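One predicted model, sequence on top.
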Amino acid sequence: MSSCCSTQQTLDASCADTGQESLGVAPGVVSTSSDADAALCASCGQKGREVDVLTVKSMLTPSALATLDISQRFRFCSHPACKVVYFGHTGQQFLIEDMSIPVFQKDTRPSVPVCYCFGWTRARIREELSSTGTSTAAASISAHIKAGRCACEVNNPQGACCLGNVASSVKEARQQLTHVSVNSAQTAPRGVFEAQEVH
Ligand SMILES: [Zn+2]
C-alpha cells in the first residue's frame, strides 16, 4: 500500500495535489493508450488519481461495498460537478450516493471535512481565522503527519494527503472573511464585485 504521508521526503510532492500527476501506472506495467483512456472519468472526462482499493472499501456504503469488483484498478474523480467518485479501469463506477461520508471536492457545505484524519472542517478553519486572524490547520496537520498519525488512505476519499485542500480552504476562507469585513465596513472593495452586481 502506498502511503502519502509516511516520510517527510515524500510529503511535498504527494501533498501537492494539482491533478497534474502522471498516470500512476504501477512499476513494471507498460503504459498503453487503453491505460490512458482508463485514467479518464467516463462521466466528466477528467483524469482521475489512482487510489488503493482499500480506500474505496473504506468509503463505500454497505450496499455499494457489496457490489465492489476488486479486480478493477480504481481512480478518484475530483471534478466538483461530477457525480462519479471512483471509477475502475474496466468500467465500474461509484457515485456520491455510494459514499458513507461527504466528499470534500464535491460538497461545499461548511460541515464537510477538509482534513478527514484530524477533524478540520471548512467551518472550523473559518472560525479560527475569524477569531484569531490566523490558521494553525496546516502546521497542526503537518506535525501529526511527521509523528506518523495520519491515515489518509482509509479516512480521506481522495486516498491521499489533505494539505493541498487545507491550503486552498484557508485561502478561500480568508477571502470570504475579507469580503465580509469590507462589506460590513461599507467600503467598496475596489468596485470589482460591486460593479457586477449593479443593474
Ligand atoms: Zn468525473
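Perfect, I can see it now. Residues are numbered from 1 along each chain as shown.

and stretch 149-169, anywhere near the ion?
No: looking at stretch 149-169 against the ion by CB under 5 Å from the ion, there are no contacts, and the closest approach is 13.0 Å. Glycine gets a C-beta too; all of them are placed from N, C-alpha and C.

following the longest strand seen in the chain, which helix or strand shows up next?
Identified as the longest strand of the chain according to DSSP state E is strand 84-88. Per DSSP states H and E, the first helix or strand lying C-terminal to strand 84-88 is strand 93-95.

which residues touch the helix or strand following that next one?
Of the helices and strands lying after strand 93-95 in sequence (DSSP H and E), the nearest is strand 113-115. With contacts defined as CB atoms under 8 Å, 6 or more residues apart in numbering, strand 113-115 is touched by 101-102, 104, 119-122, 125, 137, 141, 156, 162, 165-166, 169.

just these now: which is nearest the ion?
Among those, F104 lies closest to the ion (CB to the ion), at 14.8 Å.

Centre of the chain to whichever helix in the chain runs longest, how far?
With secondary structure taken from DSSP state H, the chain has its longest helix at helix 163-184. Offset of helix 163-184 from its chain centre (CA atoms, centre = their mean, to the nearest Å): 17 Å.

And for stretch 107-114?
11 Å.

Give me every residue in this structure lying close to the ion.
Residues of the chain lying close to the ion (CB under 5 Å from the ion) are 41, 43-44, 77, 79, 82, 84.

what are the ranges of the strands in this protein?
Using DSSP E, strands in the chain cover 49-50, 74-76, 84-88, 93-95, 113-115, 120-121.

okay, those strands in a markdown table with distance to C150 and mean pLDDT next?
A markdown table is the format used below for the strands of the chain (distance: least, CB to CB, whole Å; pLDDT from 0 to 100):
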| stretch | distance to C150 | mean pLDDT |
| --- | --- | --- |
| strand 49-50 | 17 | 96 |
| strand 74-76 | 17 | 98 |
| strand 84-88 | 21 | 98 |
| strand 93-95 | 23 | 98 |
| strand 113-115 | 9 | 97 |
| strand 120-121 | 12 | 98 |
